[in-house]
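# Let me see the structure of the following:
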Amino acid sequence: MAFDKWFNSQSRLLQVILLIIPFVGWIVELLVRLSVMLRKKDVVSIVVFVLFLVIGWGWFLCLIDLVYLVLKGHLILA
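The predicted structure follows:
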């Protein structure tokens, strides 16, 4: 699964559009974090994925990831 690589290869505008749409943004973040977890298989990736499942359903974390994406070019810890 290389969804994170596909997402990071897209233009910044498309990434922002995918994250800004409420339900689509949550699904995209979930797929990116799942992809990183399956590819890396390290403790940090697993913990970040589980935390996102538990508390990532709110709009606040999506907003933080959106701002971080615009500034740095990738999602936090992904």
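# Please report how far residue 15 lies from residue 75.
9 Å (Cβ to Cβ, to the nearest Å). Glycine gets a C-beta too; all of them are placed from N, C-alpha and C.
# Helices along this structure, start to end?
Along the chain, counting by DSSP state H, helices occupy 3-9, 12-20, 22-40, 43-55, 59-72.
# want to throw the ones you listed into a markdown table with mean neighbour count and mean pLDDT?
What follows is the helices of the chain, written out as a markdown table (neighbours: other Cβ atoms under 10 Å; pLDDT from 0 to 100):
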| stretch | mean neighbour count | mean pLDDT |
| --- | --- | --- |
| helix 3-9 | 15 | 90 |
| helix 12-20 | 14 | 91 |
| helix 22-40 | 17 | 89 |
| helix 43-55 | 14 | 87 |
| helix 59-72 | 14 | 85 |
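# Quick check: nearest residue in space to the spatially most central residue of the chain, chain neighbours excluded?
Of all residues in the chain, the one closest to the mean position by Cα atoms, centre = their mean is residue 29, 3.1 Å from it. Nearest non-adjacent residue to residue 29, counting by Cβ to Cβ, 6 or more residues apart in numbering: residue 65, 6.2 Å away.
# All set now, cheers.
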